Every structure is written in C-alpha cells, then in structure tokens.
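Colleague: Sequence plus the predicted model coming up.
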Amino acid sequence: MNDMQTDTIESTTTSELPALSLFASVVPVSGYDAGVNLHTLSTDDKGVLATVPAFADVRAGDELRVYMDADSTPVVAPLVLEGFDLGRPLHLHLPTERFTPGAHALRYRFSRNTIEYGNSRDLSVLVKLDRPGGSEPGHQGLVAADVAVNPVTAEHLENGVQVQVYFYEHRAVGDVIRLSWGGVMLSYTLVEADLNQPVVFTVPGSVIRQAGDSPNLVVTWEVHDIVHNTSQSWAPHVSVVVDTGQAQLPAVSVPGLDNEGYINLEVLGSDDLLIHVLASAPAFAIGDTVRLRFTGYIDSGQPTQIDLDQTLRGSLPQTLTFSIANDKAWALASGLAVVGYTLVKAGGEQHSQRLSIGFKGQPKALSVPRVAQAVAGVLPYDVARAAVMIPKYQGRTAGHQITLVWQGTQLGGRPTLHEVRRVVTASEGAGDRELAINVGTEHIRLLESGSVKVYYQVRMLSTRSVGFRQSQPLELRISAAGLLPAPEVDEPVNELDPHFYPLGVQVTVNYPGKQVGDKVTFTWQGAGPESSYSETKAVDSSGALPTFRVPQAIANAGLGSTVLMRYEVEPALGGRPLPSQERALALRSVAPVPQLPQLTGAQNGSYDPMLGLHGAQVLISYPGMRDSDRIVLFWKGAAGAGTPVLPERAGSDTGSITISVPAAAVAANFNGSVQLYYEVLRNELAALESPRQTVQIGAPSADDLPRPRIDEANGSELDLDLFEGDARISVSAWPFIALGQRLWLEVRSANATLPLLVDSPVEQVAGLTVALPREFLDELDDGSALSLHLRVNFGGAATLDFPVRTYTVRQGQLHIGVSDSGLARSALPEDWTLPTQTCAVTLVGRSGAQGSLSVNGSAQFDNDSQQLDFTLDAKGEFIAWLGDPYAETVLVSAAIGTGQAQHVPVRFTDVFPFDQQQEDQRVRARAASGALANGRAANRVCFDAGGSPMSLTCRLN
C-alpha cells in the first residue's frame, strides 16, 4: 500500500463568514475542524492551497488577509481582489513551513481602504507529520498479529478468538487499527491506556462464520492516525486454519500459489489468474452448478466481488477451471483475495472452504489522463467544455469513486481549484472504454493565458476508506484570448443621425463563448463626459445577446464628432477582463430643406389685419422637421414695433409648427408690407434660411373700429337737462389696442373745437374714458350738432382715423314722469275720507322754468281742474296730483313756455286686485298717508282684512 494517499474532503461548515478550507486536508478530526497530514503538505510544491468561500459584500480593490494563530502578520501578502473575484471562492497558497506539528488556528479578514471588516470563524487545524509504523519500505515495521489459537474450530465460536497487535513506531492516541480476519474488517481506536501495551482484538463467532472455513485464512492489519497518515502497507500475513464444520467441500487450488499463500504478480505477468475446482463423486454430480466467488480486498476499502458459474458436463472426476482477468489480479497488488465456491444441487447447496490469496507486487501506476480538446499541450480558453478522458486502469470495478482534480494557475500566478467526483457504473466497470469527465467552460476561461494541472484519484466508494490512488498529472497551457469582435449598431453603417433613434442607439455585443453571468461593460467614448456613456450588464439566463441603448441625448451631444465604441467582458467563469476591438461611428445630422412660410389667411399676397387681431399666424412646414430643430421667424416691416424680434421656437416631429406674430406687429404695418422668412438651426449644422415672401397688410375697416360715444346721451341726442356736471366720452377697446399707442381726441361743434387728447398714450387696454367739460356743453345751442373725432397711431406710420359720431344737443326740455296707474274713485270705499287723487305726475326740467299742465277725459288735478300752471322748484321738479272718477286712460300734456309739449298717457282702474279669500274677509282698500307714489314708482294702498288693519304693499295693475 505504498501508493496510498489520504482523502481530500472539503469543509461544509457555513456561517456569516465561514472558515476557510485547506485542499487535501482531512475532516472530521476529533476536536478540530480539519487535519493536515503528510499528503496535504506534499500535494503542491507552492504551498498548501487554501480556499476562502465566496462573500457577497466584497468589492474590487478589497484586500484579503490570512492569519495563523496569534500572529498579527498575515501568513502571505494580502490578496487584492479583482472584478472577476466577486461572487466566487478565492484561492491562495499558504507556506508549507508554517504548518508545524501541533494545533493551529487559521482565519481571514477582508479590508477596504485599510479598514478591516468581516472576520471569519477560526479554522482549528491539527498538523501531524509522522506516519504510523515509520517510513521504512516493506511492511514498515508492522509486526504480524498474534492469533491465540490455530486451528480455529467450532468450539471457538462461542467465545471468539483473541488476536494481539504489538507495538509499532509513532503509536499515538486516535490511531485506528484495522484488523482483517479473512477480509472481514474489525477496527479499534487507541486511547491513552493503549500506548504501552498490545492491543487485543476478540474476533467474535459471527465474524468467524462470516469469513468462513479456510485452510489458510489470512489475518493481517494496518493502521492510520487521527489525520489519516496511513501505514505504507499491511502487516505480514498470518495463516490460520479455520474448520468449524460449516464447509462441506474442499477449497479451490490456484496454480502458482507459493507455500506462504502468495501469488507473485511479476511471475503472473500478463496471464489470467487460474482457479481450479476438483469435482468428484459422490459430492459432485453431473448437472450440478459450481458458483465461484472471488472477493478482492485492497486499500482498506470495500471488497470487490467476481462471481463465475460453471455446470458440470461429461464425466467425473474432472477439474473445473475459472479465470480471473489479468487486470483484476493486478488490481489486488499488495492486497489479498478470498476464494470460495458453492455447489448448487437439485436438493440444495453446499459450501466450500475459502482459500486466502495474497498478491505480491506493486500496483501499476494510473495512466495520465488526456483532454480531448487539447492540441499539442494547449487547451483553447474559449472551448465550451473540456472532456477529461480517464484511461482504463487495472481492476476498474463498479463502485469505485474517481475524483478529477483540475488545479489551475492564472496568468498572474493566482491558483484555482475545481474537483469533480463520479462513481464507476456497472457497465463502465465491465468495459474497457475511457471514462469522460467534463469540466465546464467557467473553469477554463478563468485560466485564460494560464495553465492547468489535471490528474485523478481512485478509491473504493466506502465510508471506511481512508486511502486512494492518484495518477500522474497532465500539464496543459490555456491559450490567450484575442480582441473580441467590435460592437454592432442596428445597421451596418459608419455614420448615423441620432434623431432617428428616439429610444437610443441600440448597440449589440456578440462574442464567442458567451456565458450566463458574464459582465459586459460597454463604452461609448465621445469628446467629453456629456457625450460619453458607459453601462454594465450581465448576460442573463436567456442567453440573449447583450444589448445597450445609448440615450439619444448622449448621442446628440456628440453630433459633429466621431465616437469610439468598445466593450470589455468580465467572464463569469473568472479570468482577466477581455477587451473588444473598437468601432468608430460618425454622428452627423441630416440637413433640413426649409420651405416658403405661409401667413395664415393671406390671399394673393394681401392680408386682412383683422385676422391677426390676436396675433398673425405663420405656418412653417418642411420635410423632416424635428422637435430638436430651432426655428427663428423673421417679420420685416416698419421699424420698431413693425419688425419685432421673435423668440426661437422648437420644431415638431409632426412636420409643421405655427408661430404667432404679435398683434402689435400687424397693427404697426397697417397699409404697409412685410417680408416673411425663417432660419432653421439643427444641432451642429449652420443656420439654413427659407425662401422669402412679401405680404401686403391692409387696415381695419370703419365697421371694425368703435366710434366714440357720450355716456349721458340718449341715442343721437344729448339732453343737457338730464344730467349735471361734465359729460363722459367713452371709447370701447378697439382692435389692436395696446398700451403706449398715441391718441388724438377732439370734440367739434359748429362754432368751436375742443381738443381733449393730443398725442396721449393709451394707459389701459379696456378702452378710453375722457371727461367732456360742462362749460363747453352749456355754450351749445339747443338743437346744435356735436361731433367726436378720434385718431390712433398703432406704431410707426400706421395712424388711423376712427369713425365720427355726431349728437344733437338738447337744452331746456321738459320731462314728465307718472306712476304706472291710478285707482279710480269708483274703486274707493264709500267711507273714503282721504283725497281721491290716486296718481302723481312729476315734471322735471330746468330750475325756475314755468309752464302749463293739462289732462283730458274725466280726470282732474287736485285743483278740480283739467288745467294747471307750474313753476319748477330749485331741484327742477313739480308734482301734480291727478284723480279720475272712472276707469279710463287719459293723456297728460305739459310744456314750458311756448316750447314743444310733452305727452304721457295715464291709466286709471276700478278693480282692486284681491283673491277669493280676501273677498270672504271683506277686504276694503283705503289710502294711507304717504302711500301714493310720486310719479316715479308704483302706487301703494292699504287695506283692512276682516276688520283687522294690515298694512301691505301691492302694485295696482
């Protein structure tokens, strides 16, 4: 067993920051997290390979430090994390010389900007570097076991058989001695009391029965310590005769078996191992079946069995020959086999004694693996997978566990580790083909421009196994990656206008060997930060090509220049970032073609200014107009307000915009012409001018302009007797009125002109109000004409005369006012004691004026006459009281002096309005003091209801 090595078992302990693990260390170890043995330190000449579990919170640039025991100095120089380290385990070599025998504690910490964080749990390690039994070749100082009895018979089944194992070099607490009794294993772990005395095993009867009867049952033992340092071989064999009566048939015979029960494999060479069964009567009969079982034991592992059957034919006695394939025999080098058979007869089964066979010789070395995709020692870094082919090895049997070790070195010298385990199936164990174990591309790309050492280990699949065989390594170099293909835009062009990419310029990245989780950083490099863009995306599980959208605003910022596009891939599988080729892309705007502007409403080059009362509308339209276009309209007319500076306007993707020209610019060009054109500014392009158009601006018609008016006038007459003080001239807001316009307002009569406004500014846009002095009006004769004249300057030379309004002046006129109706005497109660004049007539005119008042019909004034002279009081009023015995309408006439008489009808009614309820209550009307109106309001009466006086106001109709 000098080729045996210890298992590599990874720690599975996890926590917030779990402990690191050591490659080829042993777990579990009593009292410790892991054990370090001779094999651990000899696995890699660069040191002990440590693995730090992935930690999600680390960032590129953080540092990893590993400490041992109480030493505050890191075991090795800090490891600076790179982008590809994030989210994956970290590997680093620890110096072998630091692993001195005894107990140690390992831990790690991360730091960022010299501040440490994230302390890990300690990994407690026991280091033991002496091999049980010493290191001498051969049996390594192991002494043959001492079996208390020989032969072993049925009488020993009850109490068992004692076997003593004597002292061996480097005996220690925790050593596990494994005793093989004919291939059946017994184990014992040493304690302190066992160190200075033999270890005694008692082989129970159950084990004796299980191993069976044998003429040369082999008893041997081996030992491994607490960290799985193993003895290099088994102890010398002891042959014991076991005859408990269980076997009814003799043992097999094996040609070439020496007196000590060994087969020398060097002598066997390439021949198969032959096993003979002598069949003779009466135990055997023709037609019986002989079922041979060949059980091999090696590496302290699970036994491997070969079952062979033959049926007796011909005559007896005869010798049946069974063959064990040569490779199966060689697979047992330094091991042993137990051979027995069962005779299957029609009446039942009989069992033979078991023969133990030892095999002298060294196992043939495991062949070096090969990688199918590697050529001349180079593996392309971007292959989808590496198929590692494991050659057929001697004794390959179903149940063997094969561990593939893929131990890499990155370009910068960083180590990586990947292991794959698989179990040999029944068909693979029986076949001769190579076994394929695939290594994913993530473990290959990580090593781009680096190297990898590939080897495999074989052991039997058994929890009892502590050893394995290891092949020689295959050394491969991983190829370097060239520049990745350049990024691609939507169309295969080298120049584009960002306007046509409202959602952004889409850039697609397509490179070989794309893997889910790859981080792709795309860069759009412009002349400055405002025209540059960068974005990182991970390849998602869909496997779709990574696409990036450069915002339109970023692309627009680079118009007129050339940008460089590139990307860098940070492989999810690890390894250095891989750059791409660059692609140059010119950003240019498509030039617009301005068309003739259109003044809305203009016909045949003429424009009705009333269409521009709230601003003239100029339609600008040209193919390919954009929201981002900047358009400046020019309206060239009269100086000043007639040529406004119009603000820049944004274009529209609809293809047209309408720009409003202020109404003041229209008004300032009444009866003049304007020239229209515009300029388009598009991004980096120079301004482009449209064709020019000349339009003749008209003027508002007389119907469009308001005429000044006197508020106190009634229609076309201005009666000075109807108001006191100054009159008021008003002008409604006229079209295009604006603050600052200049005004001229005159009042003209036949004999005089009164300028009210001379070159005065407009101070409010609601219209115009000006006082007309009473002194001027009082000088006017009754019936004379009075005209109002208004002129407005709209800016520049545009001055318009407004329509003239003319009034006829009235002075000294008489006005009659009466109540709506009166109550005839016939409607008054019989006991009416108050005056019967139920209607008042009010005369209004000039104070002190005298005249006469008359009425027709049956009506009379309160002087019992139909004629009455009057003189207007200081207020210019006179009230006459009128009554009528009958219900009728009469005509009241009045005149001042010899002036024209005024006539007003007055109606008298004999019906007092009341309803049925009032009639039932015998309503009667009566006059109340002050109840009669003065001719300017409705009359009022009072009435009694059922004898109870109630004062109500009602209107007589």
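Modeller: On my side now, so go ahead.

Colleague: going forward, measure contacts between C-alpha atoms and count neighbours the same way
Modeller: Noted.

Colleague: For W524, grab the count of nearby residues.
Modeller: 22 (other Cα atoms under 10 Å).

Colleague: Show me the beta-bridge partners of it.
Modeller: Y533, M565 (DSSP bridges).

Colleague: doesn't G558 make contact with it?
Modeller: No. At 10.3 Å, W524 and G558 do not qualify as touching, with contact defined as Cα atoms under 8 Å.

Colleague: hey, C-alpha coordinates of stretch 370-390 in PDB?
Modeller: Output of stretch 370-390 as PDB, limited to C-alpha atoms (Å, rounded to 0.1, in the frame of the first residue of the first chain):
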ATOM      1  CA  ARG A 370      -6.000  13.300 -21.500                       C
ATOM      2  CA  VAL A 371      -8.100  16.200 -22.600                       C
ATOM      3  CA  ALA A 372      -9.900  15.600 -25.800                       C
ATOM      4  CA  GLN A 373      -9.900  19.300 -26.800                       C
ATOM      5  CA  ALA A 374      -6.200  20.000 -26.100                       C
ATOM      6  CA  VAL A 375      -3.800  20.000 -29.000                       C
ATOM      7  CA  ALA A 376      -0.100  19.900 -28.500                       C
ATOM      8  CA  GLY A 377      -0.400  20.700 -24.800                       C
ATOM      9  CA  VAL A 378      -2.600  23.700 -25.400                       C
ATOM     10  CA  LEU A 379      -6.300  24.000 -24.500                       C
ATOM     11  CA  PRO A 380      -8.200  26.800 -26.200                       C
ATOM     12  CA  TYR A 381      -9.500  29.100 -23.500                       C
ATOM     13  CA  ASP A 382     -13.000  29.500 -25.100                       C
ATOM     14  CA  VAL A 383     -14.000  25.900 -25.500                       C
ATOM     15  CA  ALA A 384     -17.500  25.100 -24.300                       C
ATOM     16  CA  ARG A 385     -16.100  22.300 -22.100                       C
ATOM     17  CA  ALA A 386     -13.100  20.100 -21.600                       C
ATOM     18  CA  ALA A 387     -13.700  16.400 -21.800                       C
ATOM     19  CA  VAL A 388     -11.100  14.800 -19.500                       C
ATOM     20  CA  MET A 389     -10.700  11.100 -20.500                       C
ATOM     21  CA  ILE A 390      -9.800   8.700 -17.700                       C
END
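
Colleague: How is the nearest residue to A436 once chain neighbours are set aside assigned, secondary-structure-wise?
Modeller: Distance criterion Cα to Cα, 6 or more residues apart in numbering; nearest residue to A436, sequence neighbours excluded, is M389 at 4.6 Å. Here M389 is recorded as strand under DSSP: H, G, I helix; E, B strand; the rest coil.

Colleague: Enumerate every residue touching M389.
Modeller: Neighbouring residues of M389 by Cα atoms under 8 Å, 6 or more residues apart in numbering: 369-372, 434-437.

Colleague: tell me the pLDDT at it?
Modeller: With respect to pLDDT, M389 scores 97.

Colleague: any idea how far it is from W635?
Modeller: Distance, M389 to W635, using Cα to Cα, to the nearest Å: 86 Å.

Colleague: list the contacts for I263?
Modeller: 256-257, 357-360.

Colleague: For PyMOL, write the select line for the buried members of the residues you listed.
Modeller: Buried members of those, defined by 16 or more other Cα atoms under 10 Å, are picked up in PyMOL with:
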select buried, resi 357+358+359+360
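
Colleague: Would you mind giving the contacts of M389 as JSON lines with pLDDT added?
Modeller: Putting the contacts of M389 into JSON lines (pLDDT from 0 to 100) gives the following:
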{"residue": "P369", "pLDDT": "97"}
{"residue": "R370", "pLDDT": "97"}
{"residue": "V371", "pLDDT": "98"}
{"residue": "A372", "pLDDT": "96"}
{"residue": "E434", "pLDDT": "95"}
{"residue": "L435", "pLDDT": "96"}
{"residue": "A436", "pLDDT": "96"}
{"residue": "I437", "pLDDT": "97"}
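
Colleague: Make TSV out of the residues you listed and add distance to D719, secondary structure and neighbour count.
Modeller: Listed next are the contacts of M389 as TSV, based on distance: Cα to Cα, whole Å; DSSP: H, G, I helix; E, B strand; the rest coil; neighbours: other Cα atoms under 10 Å:
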residue	distance to D719	secondary structure	neighbour count
P369	129	coil	23
R370	127	strand	22
V371	123	strand	21
A372	123	coil	13
E434	130	coil	15
L435	127	strand	18
A436	124	strand	16
I437	121	strand	18
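
Colleague: so which of the residues you listed comes closest to E16?
Modeller: Proximity to E16 was ranked across these by Cα to Cα; first place goes to I437, at 33.3 Å.

Colleague: what number of residues lie near the closest residue to that closest one other than its chain neighbours?
Modeller: Distances taken as Cα to Cα, 6+ apart place V388 nearest to I437, at 5.1 Å, with adjacent residues excluded. Applying other Cα under 10 Å, we find 23 residues neighbouring V388.

Colleague: Now do the SS call for L800.
Modeller: On the basis of three-state DSSP, L800 is classed as strand.

Colleague: measure it to V241 for me?
Modeller: 146 Å.

Colleague: swap in G767?
Modeller: Taken as Cα to Cα, the span from G767 to V241 is 140 Å.

Colleague: What ranges in the stretch 701-850 of the chain fall below the confidence cut-off?
Modeller: When residues are selected by pLDDT under 70, those of the stretch 701-850 of the chain lie in 820.

Colleague: Please enumerate the helices of it.
Modeller: Secondary structure of the stretch 701-850 of the chain (DSSP state H, counting those that start in this stretch): helices located at 774-778.

Colleague: Can you show me the strands along it?
Modeller: Residue ranges of the strands in the stretch 701-850 of the chain, as given by DSSP state E, counting those that start in this stretch, are 709-710, 717-719, 727-732, 742-749, 753-761, 767-772, 785-793, 799-801, 805-810, 815-818, 822-823, 839-844, 850-855.

Colleague: Please work out which of the ones you listed is packed deepest.
Modeller: strand 822-823 (a mean of 28; mean count of other Cα atoms under 10 Å).

Colleague: now for that strand, which elements pack on it?
Modeller: In terms of contacts (3 or more Cα pairs under 8 Å, 6 or more residues apart in numbering; DSSP states H and E), strand 822-823 is packed against strand 902-909.
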